[in-house]
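S.K.: Coordinates for the following, if possible.
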Amino acid sequence: QVQLQESGPGLVKPSQTLSLTCTVSGGSITTSSYHWSWIRQPPGKGLEWMGVIAYDGSTYYSPSLKSRTSISRDTSKNQFSLQLSSVTPEDTAVYYCARAPGYSDSVDEYDYWGQGTQVTVSS
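M.R.: Residues are numbered from 1 along each chain as shown. You can find the predicted model right below:
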């Protein structure tokens, strides 16, 4: 059974960089052909796909967030991470990490999810 767990600060100041890590257990992030994404849900809004890192390390980002987003991985720890720069209060959301069997920018294709972590952007 694959399990994902998000970790990171719950409060970030405006203009700073939001950094989160997802720790995966029960499966390797390098196993073909799984893709590992970050997805967020602002208060009162729907889920938003942010970007993905593939089993081979390839990355793909939402066009609306591409200029501020970076996803990386540490295969020795079976973790992948999100960095979102120049945050504003509009980046306040519950952030999820999730797995899909292949590449997808549709949240419906993701079969395993972390429990989510609340990140608030405020001074």
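S.K.: And the nearest residue to Gly8 once chain neighbours are set aside, how far from Ser32?
M.R.: Distance criterion CB to CB, 6 or more residues apart in numbering; nearest residue to Gly8, sequence neighbours excluded, is Leu20 at 3.8 Å. (Glycine included, C-beta is placed from N, CA and C.) The gap separating Leu20 from Ser32 is 25 Å, by CB to CB, to the nearest Å.
S.K.: So the two - more neighbours on which side?
M.R.: Leu20 (22 against 9; other CB atoms under 10 Å).
S.K.: Could you report the distance from that one to Gly10?
M.R.: As judged by CB to CB, Leu20 and Gly10 stand 10 Å apart.
S.K.: Overlap in contacts, the two.
M.R.: Listed as contacting both Leu20 and Gly10 by CB atoms under 8 Å, 6 or more residues apart in numbering are 117, 119.
S.K.: In contact with Arg68, which residues?
M.R.: 84-86.
S.K.: what about burial for those residues, which qualify?
M.R.: When those are checked for burial by 16 or more other CB atoms under 10 Å, the buried set is Leu84.
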